[in-house]
Every structure is written in structure tokens, then in C-alpha cells.
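Engineer: Predicted model, plus sequence, below.
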Amino acid sequence: MLAVRLLLTFAIVLSLVSLPSVLSSNVFLPKIPVVRAQQETSAGLWYPAGAQEQTLSISQGDGAVSTQVSWLLTNQVDSEDWPLTATQQGANTVNCSGNANVLCSLPVPDHGYFEIEFNLANVLWGIPMQYGNSASGVELRQGIAHLINKQSFTANNPACLGVACVPDDQAVPVCTISVGCTNGGLYAANPCGWDTKYTESSSTNCVVGAPGGTSYNCNFSTTCPTGTVTGTTTFPWQAQIGSPDFCAAAQHFITAFADAGISGVTTNANCELVASTGGWPAVVTAINTAGCAGVAPIATANTCMWLRTTEPRKSLGEGLAQNICALFSPAWGAWTTLAGKPIGCDNSNTGSGNAACGGGSGSRGRLAVLRIQHKH
């Protein structure tokens, strides 16, 4: 009886739907749409997943942006994976606005991030890092920080030519005193008390929410030492030999050596490091070639620096290495300029004759200070 009732009800509903009325015109029963697929086999057509290619070729270059741009302009590649600098976008290179053969995406804001990393498990020039817990390691890293003017480095970034680039130490999203914080961002800390030796003061920069590039910058300190300023720099953001930041770096190095039990280190008139009578001790000069490969035993003196081949990281690493070499340069002949000098310091470019670096018989007080290897 129940089945009969359900059948009758269903028949009545169908008959009502079939009647011409407002009800029937707004009631639709489920149906399967009819579609037709087109089989495409020729190259150059589109699939739902993207463009169709007969051959996909991926080229591996030397990491330099200029190489990729050259390939792009000579039809060797169809796209590249690194942003164009402002100069490369201009009429003399890619000519984004006037080149019908190259499609450039519109410029977008970029929160660039470039850093210097330390192996805190290592011992550098006899100074232990102790995973960041060594007072001597802190002094060494603060000294190195003085060798980079971060505000100048940002302003002179090749990608920023003709574009407003400013240093920014803020957490993302940016917080400013005038605008405040959005989306839970944090103000940048006041960095002017971080330096263990040279406190900074500024009504505009020594505040919570300080502009980037304030820390370890003698432009904001009246207590930084100074020497006889000499020569020129390779990069505009380097600390010039004898400048306050160069001299501050030297004093941090001296304190680092003293904290590590290496006493008697002084400076010459240009603030370059001079070893105590008898030369640099073995703990500073002893070379372990395996240490640079990241294997035991850990290197105690030779310091290996890996530099990227893309800008601005390439220039950052080369300029920093050059400054460090200048600090140690009295060991083989004090430098009076940075421009034109090598970016690594061992027997191959200073004539130190250190046997552990493959030259001469070696001598006490000679250093294989900094080995450089570029990395893609």
C-alpha cells in the first residue's frame, strides 16, 4: 500500500511540473550536459595546465644576472628567474617599455633580504664562537658589523638604481611611528645600545622603530676612535681605512683577541692590526685545510668565506672580505687603500709565503687570513 502511495505521489508531481505555469518554468530536474572534446596534437597550442611545448630546455648559468639577460636578448632562453636591475630595465639593455620582443612584468615592491652568516660552531683566527655564547665571538662579530654601512649598501644596491630603496630592520609588515603597526607587526628595536664599546645617540635613529642601518654605525656615535684616513674604497659602503668604523672594528677585534687569551695586539696609525712582539701566535696562524670543507678537525685560524655570484650578495661578500684583509694587512705589508686590492688574503695574493697555504716555508706572524670561494 505504501509503495502505491509513493508511486501516485510521484506521478502527480510530474504532471504538475509538465503543466505550463510559473511553477513548471522554475523547476529543473538534474541532467548531464553534452560536451565535445577537441583533440589537439600540434605544438604551440594550450592545455588547461598551460602552454604546450615540444621540448623543454633548462639552462644552468654562472649565477650572474647579466648572463641571463644576455641569453634572453639573444633568444637562447624564454624567461629568467632573477629580477632585472633598474639599469637593465632601461633603454640601453632590455628596454622594457620599448622592446616588443621581451615582456617585462610590472615592477612590484620587494622586501629584499641579504645577510652574513657565521658558523657559530667554529673558531675564527683563534677566537671561539661557542655557538654564540663566547664574549670574544660577540666582539669579533660586532667588529665585522662596523665594516658595512648598511644604509649605503642599500642605497647603492644595483637593483635600486633610480628606485627608492631604504634600509629596513622592521619585522614584516612594517611598523612606523607615524603610521603604527598593521597585521600584528612589531616595531624595530632601538639598536643604539647593542654595541659593547661605542654607544650611539640620535633623536631620530636611537628610538623604538628606528630606521634600518642604525646599529654599529659610527655616524651615530661620538665615542668611536679614528685614525689616519687613507686611500679609497672599492664599494661605497665599505669602511675606509682609518675611518671611525674601520678603527672601531679594529678595537673590537683587539678585545676579541684579548678575551680569547691572545694579548698584545695593537694598531698602526691607520687602525690596522699589529701583532705583539714575535708575531701572531700559532693559535691564530695554524692552518687546517680540512676545516674549510666543513669536516673535522675544525679550523682554528684559516677562515673560509663563501660568496654568492649574484648581486648584491657578490659585492657584499667581496667588500667585506677586502676590509677584513685590510685589518690584517700589516702581516705582509700594510695596505693604504682598498681599491684595487685582492678580496682574499693568503700567499697567492699577498706573498706571505705561508707553507700551509701552499707557498714558501712559512714564518711566524704571516697569515692565511681569509680564503674566498664563490658559490652559485
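Structural biologist: Received, thanks.

Engineer: okay, and for the stretch 151-300 of the chain, where does confidence drop off?
Structural biologist: Along the stretch 151-300 of the chain, segments meeting pLDDT under 70 span 158-186, 286-300.

Engineer: now the helices for it?
Structural biologist: Secondary structure of the stretch 151-300 of the chain by DSSP state H, counting those that start in this stretch: the helices cover 244-259, 282-285.

Engineer: In CSV: those helices, plus mean neighbour count and distance to residue 188.
Structural biologist: C-beta coordinates here come from the backbone N, C-alpha and C atoms, glycine included. Output for the helices of the stretch 151-300 of the chain, formatted as CSV (neighbours: other CB atoms under 10 Å; distance: least, CB to CB, whole Å):
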stretch, mean neighbour count, distance to residue 188
helix 244-259, 24, 21
helix 282-285, 19, 36
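
Engineer: Turn the ones you listed into a markdown table, columns for distance to residue 233.
Structural biologist: What follows is the helices of the stretch 151-300 of the chain, written out as a markdown table (distance: least, CB to CB, whole Å):
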| stretch | distance to residue 233 |
| --- | --- |
| helix 244-259 | 10 |
| helix 282-285 | 26 |
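
Engineer: Out of those, which is closest to residue 141?
Structural biologist: Nearest to residue 141, of all these, is helix 244-259, at 8.5 Å by CB to CB.

Engineer: Do me a favour and get the end-to-end distance for stretch 212-222?
Structural biologist: 19 Å (CA to CA, to the nearest Å).

Engineer: Wait, residue 196 touches residue 140, no?
Structural biologist: No: look at residue 196 against residue 140 with CB atoms under 8 Å: they stay out of range, at 11.3 Å.

Engineer: ok, those two, which is more surrounded?
Structural biologist: Counting neighbours by other CB atoms under 10 Å for residue 196 and for residue 140 shows that residue 140 has the greater number, 25 against 12.

Engineer: That one should be in a helix, yeah?
Structural biologist: Yes: assessed with DSSP: H, G, I helix; E, B strand; the rest coil, residue 140 lies in a helix.

Engineer: List the contacts of it.
Structural biologist: For residue 140, the contacting residues are 124, 125, 127, 252, 253, 256, by CB atoms under 8 Å, 6 or more residues apart in numbering.

Engineer: could you dump these to TSV with distance to residue 228?
Structural biologist: As requested, the contacts of residue 140 are arranged in TSV below (distance: CB to CB, whole Å):
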residue	distance to residue 228
124	27
125	24
127	27
252	19
253	18
256	23
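
Engineer: related to what we said a few turns ago, out of the helices of the stretch 151-300 of the chain, which comes closest to residue 76?
Structural biologist: helix 244-259 (43.6 Å).

Engineer: Tabulate the CA atom coordinates of the closest one in CSV.
Structural biologist: The C-alpha coordinates for helix 244-259 follow below in CSV (Å, rounded to 0.1, in the frame of the first residue of the first chain):
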residue,chain,number,x,y,z
PRO,A,244,85.9,55.7,12.6
ASP,A,245,84.1,52.5,11.7
PHE,A,246,87.3,50.8,10.5
CYS,A,247,89.0,51.8,13.7
ALA,A,248,86.0,50.6,15.8
ALA,A,249,86.2,47.3,14.0
ALA,A,250,89.9,47.0,14.9
GLN,A,251,89.2,47.7,18.6
HIS,A,252,86.5,45.1,18.7
PHE,A,253,89.0,42.6,17.1
ILE,A,254,91.6,43.5,19.7
THR,A,255,89.1,43.0,22.5
ALA,A,256,88.1,39.7,20.9
PHE,A,257,91.7,38.5,20.8
ALA,A,258,92.3,39.6,24.4
ASP,A,259,89.1,37.7,25.6
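
Engineer: circling back to that earlier point, any common contacting residues for residue 196 and residue 140?
Structural biologist: With CB under 8 Å, 6+ apart as the test, residue 196 and residue 140 both reach residue 252.

Engineer: the strands in the stretch 251-376 of the chain, which residues?
Structural biologist: For the stretch 251-376 of the chain, the strands defined by DSSP state E, counting those that start in this stretch cover 266-267, 273-274, 303-308, 370-375.

Engineer: Tell me which other helices or strands the second one touches.
Structural biologist: Secondary-structure packing of strand 273-274 (3 or more CB pairs under 8 Å, 6 or more residues apart in numbering; DSSP states H and E): helix 244-259, strand 266-267.

Engineer: if you set the cut-off to 10 Å instead, what comes out?
Structural biologist: Packing partners of strand 273-274 (3 or more CB pairs under 10 Å, 6 or more residues apart in numbering; DSSP states H and E): helix 244-259, strand 266-267, helix 313-328.

Engineer: So which of the ones you listed is nearest residue 208?
Structural biologist: Smallest distance to residue 208 across those (CB to CB): 24.0 Å, for helix 244-259.

Engineer: Return the angle between stretch directions for that closest one and helix 313-328.
Structural biologist: Helix 244-259 and helix 313-328 are oriented at 60 degrees to each other (axes from the mean of the first three to the mean of the last three CA atoms, to 10 degrees).
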